[in-house]
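In: Quick one: sequence plus predicted model below, questions after.
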Amino acid sequence: MYSYFVSTSRFGRMVKLVILLFTCTLLWQCNRVDNKPQYVFRASILTNENHTWFRAFAYMSELLWERTDGRVKMEVYHSEQLAKEMEAIRLIETEVIDMTIIGSTLTNWVEVAAFCGMPYLLDNAEQQELLVNGMLGKRVEEGIRAATNLMPIACFMRTPRHLTSNRPIRHPDDLRGLIIRVPSVPLFVTAWSAMGAKPTPMAFSEVFTSLQQGAIEGLENPVDIILNGGFYEVQKYVNLTGHVRSWAYAAVGEKQFEKLPPDLQEIFLEVAREMEKYEASIRKKAQEKIEQTLRDRGMEFIEVDRSAFSEKCKLAVIESLSPEMQQLFREAEALKKTIKKNENLHHKDL
C-alpha cells in the first residue's frame, strides 16, 4: 500500500513538472513573438530597392533575425530615405543611425580612402581584386576605422564608372564647359576639372531632377547605377571612359557594434560575410543584362580615347595627394606593372 502511494505521488510530481515545463515553453515562445528585439540596427542605402546593395542588406537582415532568434533586427532604408550619403556617415558617428555603404566619399575624413576611387589607377577586375585584398586594401580599412566610428564588415566590388551625357564625348576636348555631377569626393573634382569639365558635387537623390531641369548636363557612374537611377530617361550617351574601378564597404558604427554581446557579434560578422558573397553573385548575374537593357531603353555607348583622358588628369591627381599617399600610389602602380608582366608571361605559356 505504501509503495502504491509513493509511486502515485512520484507520478503526480512528474505530471506537474511536465505541465510546468510545457507552460514555460509556451510563455517563452509568446514572449519572443510579442517582445521587441534587444538590438535594432538602422541602415541607410544610397540606391533604390532594386539594386544589389539594397538586396544584399535585406538578405543580411533576414539572416540576422533568424540566427539571433529575433534578438537583433536590421531595418534597411533605400534611396537615401534616412540620410544623404555624406550625412549618413555623420549620423552613424553620433549613433543616430547605424549602418551604410561607404567608399571614396570617406576621403573627406581619411585620405587613404581616395584609393577606393582613384581615377585611372586600375585597368581591369584582376588588378582591382588584388589591390582590394592586398596590403593597400587593408590600409584603407585600417584608416577608416582609425579616423571614424565606422567599421567595414563587407566589401562590394564595383564595375567601371563611365560618363553619361546628351552629346557624345570621345576626347577630353569634348568636355569643355560640360557641367557634370560628381559625388562629394575632392579627387573627383580635381580629375574632372583637369579633363576640362565643370564638376559639381551633389547628393545622389538630387541628380535626376537636376538633369531634368538642366542644372547639370551629365554624371559619372557604373552602368548598374545608371540603370537603377533611371538616368536613361534623361541621358542619351554612355561614354566609355572607364575612369574608375572602385569598391565600397558595408559599414556599421563601431560603438553600436560593440554594444552587442560576443555571441551576437560573432553572428553579425558571420552573416556580413555571407552578405558579401551574396551581393557578388547577384551582381554578376545582373551585370550580364544591364548594358543591353540600357541599349534597349535608348542609350548609345560611345568608345573614347581612354589614354587621352588618363594623360589629361593623372598629373593633377598625383599632385593633389599628400607625399604619403603619393608613395602608396607609386606602390599600386608598381603592383599593376607586376600583374601585367605576369599576364603577358601567362599568355606566352598558353
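Out: Looks like it arrived, so ask away.
In: On the three-state scheme, residue 181 is what?
Out: strand (DSSP: H, G, I helix; E, B strand; the rest coil).
In: Surely it touches residue 205?
Out: No - using CB atoms under 8 Å, residue 181 is not in contact with residue 205, being 11.4 Å away. In this view, the C-beta of every residue, glycine as well, is placed from N, C-alpha and C.
In: what's near enough to touch the closest residue to residue 315 other than its chain neighbours?
Out: Using CB to CB, 6 or more residues apart in numbering and skipping residues adjacent in sequence, the residue nearest residue 315 is residue 194, 7.7 Å away. Neighbouring residues of residue 194 by CB atoms under 8 Å, 6 or more residues apart in numbering: 312-313, 315-317.
In: can you give me the strands in the protein?
Out: Listed in chain order, the strands found in the chain under DSSP state E are 39-44, 72-77, 99-102, 150-157, 161-165, 179-182, 198-201, 218-221, 237-244, 247-253, 300-302.
In: Could you point out which of those strands sits nearest residue 282?
Out: Residue 282 sits nearest to strand 150-157 of all the strands of the chain, at 10.8 Å, using CB to CB.
In: could you give the angle of that closest one to strand 247-253?
Out: Orientation of strand 150-157 against strand 247-253 (axes from the mean of the first three to the mean of the last three CA atoms, to 10 degrees) gives an angle of 150 degrees.
In: show me the contacts for the spatially closest residue to residue 124 that is not a sequence neighbour.
Out: Ranked by CB to CB, 6+ apart and with sequence neighbours excluded, the top spatial neighbour of residue 124 is residue 245, at 7.6 Å. By CB under 8 Å, 6+ apart, residue 245 lies in contact with 121-125, 127-128, 158-161.
In: Could you do residue 55 as well?
Out: 49, 279, 282.
In: gap between residue 205 and residue 41?
Out: Separation of residue 205 from residue 41 (CB to CB, to the nearest Å) stands at 22 Å.
In: So if I had to pick from the two, which one is more boxed in?
Out: residue 41 (22 against 14; other CB atoms under 10 Å).
In: Against residue 262, how distant is the more buried one?
Out: Taken as CB to CB, the span from residue 41 to residue 262 is 17 Å.
In: on that earlier part again, kindly supply the PyMOL command isolating those of the contacts of residue 194 that are buried.
Out: Filtering these down to the buried ones (16 or more other CB atoms under 10 Å) takes a single PyMOL command:
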select buried, resi 312+313+316+317
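In: Kindly indicate which of the contacts of residue 194 lies nearest residue 253.
Out: Once CB to CB is applied, the member of the contacts of residue 194 that ends up nearest residue 253 is residue 317, at 31.0 Å.
In: That closest one against residue 187, yeah?
Out: Yes - in this structure, residue 317 is within contact of residue 187 by CB under 8 Å, at 6.4 Å.
In: which residues sit in contact with the closest residue to residue 146 other than its chain neighbours?
Out: In space, and not counting its chain neighbours, residue 146 is closest to residue 110: 7.3 Å by CB to CB, 6+ apart. Applying CB under 8 Å, 6+ apart, one finds that residue 110 lies in contact with 143-144, 146-148.
In: Most neighbours among the residues you listed, please name it.
Out: residue 144 (23 neighbours).
In: What separation do you get for that residue and residue 119?
Out: 20 Å.
In: All the helices of the stretch 51-200 of the chain, in order from the start?
Out: 52-67, 85-93, 125-133, 135-147, 186-195 (DSSP state H, counting those that start in this stretch).
In: and the second one, how far from the chain's centre?
Out: Its chain's average C-alpha position is 14 Å from that of helix 85-93, according to CA atoms, centre = their mean, to the nearest Å.
In: Could you check how many residues crowd around the closest residue to residue 100 other than its chain neighbours?
Out: Of all residues not flanking residue 100 in the chain, residue 88 sits nearest, at 4.3 Å (CB to CB, 6+ apart). The local packing of residue 88 (other CB under 10 Å) involves 26 other residues.
In: For residue 88, give its distance to residue 103.
Out: Taking CB to CB as the measure, residue 88 falls 12 Å from residue 103.
In: try residue 185
Out: As judged by CB to CB, residue 185 and residue 103 stand 9 Å apart.
In: any common contacting residues for those two?
Out: Counting by CB under 8 Å, 6+ apart, the shared contacts of residue 185 and residue 103 are residue 117.
In: hey, what's the residue lying closest to residue 77 once chain neighbours are set aside bridged with?
Out: What sits nearest to residue 77 in space, not counting adjacent residues and going by CB to CB, 6+ apart, is residue 44, at 5.6 Å. Bridge pairing for residue 44 (DSSP bridges) gives the partners residue 77, residue 100.
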